[in-house]
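J.: my questions concern the predicted model and sequence given below.
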Amino acid sequence: MKSNKQYYVYFMANKTNVAVYIGVTGNLKRRVFEHKNKLVKGFTEKYDINKLVYYEIYYDPENAILREKRLKGSSRTRKNRLVASLNPEWLDLYDEI
């Protein structure tokens, strides 16, 4: 039986789009809220990463985690192209989710 639960692979960026974070979560709205409000210690807090610029939806956690790992291992140029393909202005997508 297939679950209706969704999993998200997401990119967040800082104000200048220089620092990018890639993560995976089962609750995108909550997780981005945590990043924006500095409730997540570490990389996103240190580099003031608070803009959701890209996300993908999956229906099983295994594929979401595999995709996150592949994306983390890809070049910065490839990551930038991926974001620009769907969000050329690198706008904050938080209000859309």
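T.: Noted; the coordinates are in hand. Residues are numbered from 1 along each chain as shown.

J.: all contacts plus neighbour counts: C-alpha atoms, from now on.
T.: OK.

J.: got the buried residues for the helix-or-strand element of the chain with minimal mean pLDDT?
T.: Among the helical and strand segments of the chain, the one scoring lowest on mean pLDDT, DSSP states H and E is helix 43-46, with a mean of 94. The neighbour-count check on helix 43-46 (16 or more other Cα atoms under 10 Å) flags 44, 45 as buried.

J.: please save the CA atoms from the next helix or strand after that helix in CSV.
T.: Using DSSP states H and E, the helix or strand that directly follows helix 43-46 along the chain is strand 51-58. Listed in CSV are the C-alpha atoms of strand 51-58, where the atom choice follows Å, rounded to 0.1, in the frame of the first residue of the first chain:
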residue,chain,number,x,y,z
LYS,A,51,15.7,31.5,1.9
LEU,A,52,13.9,28.4,0.4
VAL,A,53,14.9,28.5,-3.3
TYR,A,54,14.2,25.0,-4.6
TYR,A,55,12.4,21.8,-3.6
GLU,A,56,11.4,18.4,-4.9
ILE,A,57,8.6,16.1,-3.7
TYR,A,58,9.0,12.4,-3.1
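
J.: contacts for strand 51-58?
T.: Strand 51-58 is touched from outside by 6-15, 32, 36, 64, 83, 86-87, 90-94, with contacts defined as Cα atoms under 8 Å, 6 or more residues apart in numbering.

J.: in ChimeraX, select just the buried ones from those residues.
T.: Selecting just the buried residues from the contacts of strand 51-58 in ChimeraX takes one command, with 16+ other Cα under 10 Å as the test:
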select :6,7,8,9,10,11,12,13,14,32,36,64,83,90,92,94
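
J.: can you list which of the contacts of strand 51-58 are found in helices?
T.: In this view, these that belong to helices under DSSP state H are 32, 36, 64, 83, 86.

J.: hmm, back to that, the least confident helix or strand of the chain: how far from the chain's middle?
T.: 14 Å (Cα atoms, centre = their mean, to the nearest Å).

J.: and stretch 79-97, by the same measure?
T.: Relative to its chain's centre, stretch 79-97 lies at 10 Å (Cα atoms, centre = their mean).
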